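Asker: generate a structure from the sequence data that follows.
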Amino acid sequence: MKRVTFDQLGLWQFEILSQEPAIRHFVTDRNSYSFDDTFTLSYSSTPDTAKVRVNRQLLASAMQVDEHHLVFPSQVHQTNIVHVTAGTTKDDVQETDALITFEKNLCIAVMSADCVPIILYDKKNMVVAAVHSGWRGTVARILEKTLHEMHMKFGTVGSDLLAGIGPSVSQDAYEVGEEVIQSVQHTFGRESDLMIHHSAGKARLDLWKANKLQLLEFSVPEGQIEIADLCTVKNNNHFFSARKGDTGRFAAGIMVL
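Answerer: Now for the predicted structure:
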């Protein structure tokens, strides 16, 4: 990933997606606007709603869209997927963890603070998606479900996709317990090589690899998948981390121009 500036906002971009002239995308930094460490986009996790409102307005301006065309779902770690249009309302994206759109100048985004934000671009059919995938979403294969939804509705195939797996907790910093271990083994198999077992009932989970596997299974070429390789725990100066006690949320989004 690389740091860029849009309308005074310091943002991050994936290398492979930044080369595409028909889209605009971003990942925010907790210091995107200033160095006061408060560029959060979540109303539900932050008591200062006025600050969040200003931050969303700044982000919409940087993306050159109307504030109402910057769409965030109300995420609940499930697998509901919504097709977003200009007529989509706030109620339409409740309890939703993935958004898809083909409409131009409509920016869809997900929020995170350790979970994996993923953005997708079908460069043939001009369709984009934003996916929020924590461990529950990952074992429920929300990314796989989003890919198949794109295929069913728009004809998306793996060879036409570019994918960015955003900043999130790395395997080194992500110790999980027996519930997660069993869920991962049930979904991906005991031989999936997604966990490093280091003590009884404890393991370190690789969410990046688990989501990359879903992309590869959909026949997305490996060279069209970019992993940010930025751990939110280790890079807590740039990204909010729930494991570090943060209440703020950063965002990852994408739009068709």
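Asker: quick one: the nearest residue to F26 once chain neighbours are set aside from Q182, how far?
Answerer: Counting by Cβ to Cβ, 6 or more residues apart in numbering, the nearest residue to F26 once its immediate chain neighbours are dropped is L11, at 4.4 Å. The way it works is simple: take the backbone N, C-alpha and C, and place the C-beta from them, glycine included. According to Cβ to Cβ, to the nearest Å, L11 and Q182 sit 38 Å apart.
Asker: comparing those two, which residue is more hemmed in?
Answerer: Comparing L11 with Q182 by other Cβ atoms under 10 Å, the one with more neighbours is L11, at 25 against 11.
Asker: what about the more buried one, helix or strand, and which?
Answerer: If you go by DSSP states H and E, L11 is part of strand 9-13.
Asker: give me the number of residues near D229?
Answerer: 11.
Asker: typo on my end, it should be G155
Answerer: G155, neighbours per other Cβ under 10 Å, totals 12.
Asker: where are the low-confidence patches of the stretch 51-200 of the chain?
Answerer: Nowhere does the stretch 51-200 of the chain drop to pLDDT under 70.
Asker: hey, where'd the strands end up in it?
Answerer: Counting by DSSP state E, counting those that start in this stretch, the segments of the stretch 51-200 of the chain that form strands are 70-71, 81-83, 98-101, 107-112, 116-122, 127-133, 161-165, 175-176, 195-199.
Asker: how close does the closest residue to V110 other than its chain neighbours sit to E226?
Answerer: Excluding the flanking residues, the one nearest V110 by Cβ to Cβ, 6+ apart is H132, at 4.0 Å. Using Cβ to Cβ, H132 is found at 18 Å from E226.
Asker: the two: which has the busier surroundings?
Answerer: H132 (27 against 19).
Asker: list the contacts for that one?
Answerer: Contacts of H132 were listed using Cβ atoms under 8 Å, 6 or more residues apart in numbering, and they are 73, 75, 77, 97-98, 110-112, 115-118, 142.
Asker: look up the pLDDT of T49 for me, please.
Answerer: Here the pLDDT value assigned to T49 is 89.
Asker: what's the neighbour count on it?
Answerer: If you count neighbours by other Cβ under 10 Å, T49 ends up with 11.
Asker: top helix in this protein by residue count?
Answerer: As assigned by DSSP state H, the longest helix anywhere in the chain is helix 49-63.
Asker: still on that earlier bit, gap between the residue nearest to V110 and A251?
Answerer: As defined by Cβ to Cβ, H132 lies at a distance of 10 Å from A251.
Asker: need the overlap of contacts for those two.
Answerer: Common neighbours of H132 and A251, counting by Cβ under 8 Å, 6+ apart, are 110-112, 117.
Asker: most widely separated two among these?
Answerer: Within these, M111 and P117 form the most distant pair, 7.6 Å apart (Cβ to Cβ).
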